[in-house]
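>>> here is my input, please return the structure:
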Amino acid sequence: MQVGELFQSADWKSEKHVPVIECPDSVAADELFEVKVSLGKEIAHPNTTEHHIRWIRLYFKPEGEKFAVEVGSFEFCAHAEAAAGPNEGSVTTHHAVTCAMKTKKAGTLVASAYCNIHGLWESSKEIKVS
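Next up, the predicted model:
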């Protein structure tokens, strides 16, 4: 089995586990731009002690290059856990992240996410450079 076989994907409009990548379709070479990755944009994903997103990772594969670059790894550690019991905690993180990056080449952003119940999910978005 290959690692890629562990990931599921679907249309984020109908599946709450698929990472949604939001950023410009085209960017200026070597200029910063924001990338937002979230889950549950159309169909809300639960965010409870029992069912939550643990992390999101973002990669960029420049066109014509062999390897992808890890842009960021974002962990969500607070899911309303408490000594009083599940969902009794006062802090819950939300499964969305925004970062900034720049690139000299066009390529593909790839986002992956891990749901503690439903496993690994991924999506991608091509970026053009002008």
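
>>> the residue nearest to residue 23 when sequence neighbours are not counted: helix or strand, and which one exactly?
Leaving aside its sequence neighbours, residue 23 sits nearest to residue 35 (C-beta to C-beta, 6 or more residues apart in numbering; 4.3 Å). Where C-beta positions appear, they are placed from N, C-alpha and C, glycine not excepted. Here residue 35 sits within strand 33-38, counting by DSSP states H and E.

>>> what's the first helix or strand after that strand?
Next along the chain after strand 33-38, taking DSSP H and E as the criterion, comes strand 53-62.

>>> check what contacts that following strand and list those residues.
The contact list for strand 53-62, computed with C-beta atoms under 8 Å, 6 or more residues apart in numbering, reads 19, 21, 35, 37, 39, 45, 47, 67-76, 95, 97, 99, 101, 103, 105-116, 127.

>>> just stretch 79-97 next, same as before
Contacts for stretch 79-97 (C-beta under 8 Å, 6+ apart): 36-40, 45, 47-50, 52-53, 56, 58, 72, 74, 76-78, 113.
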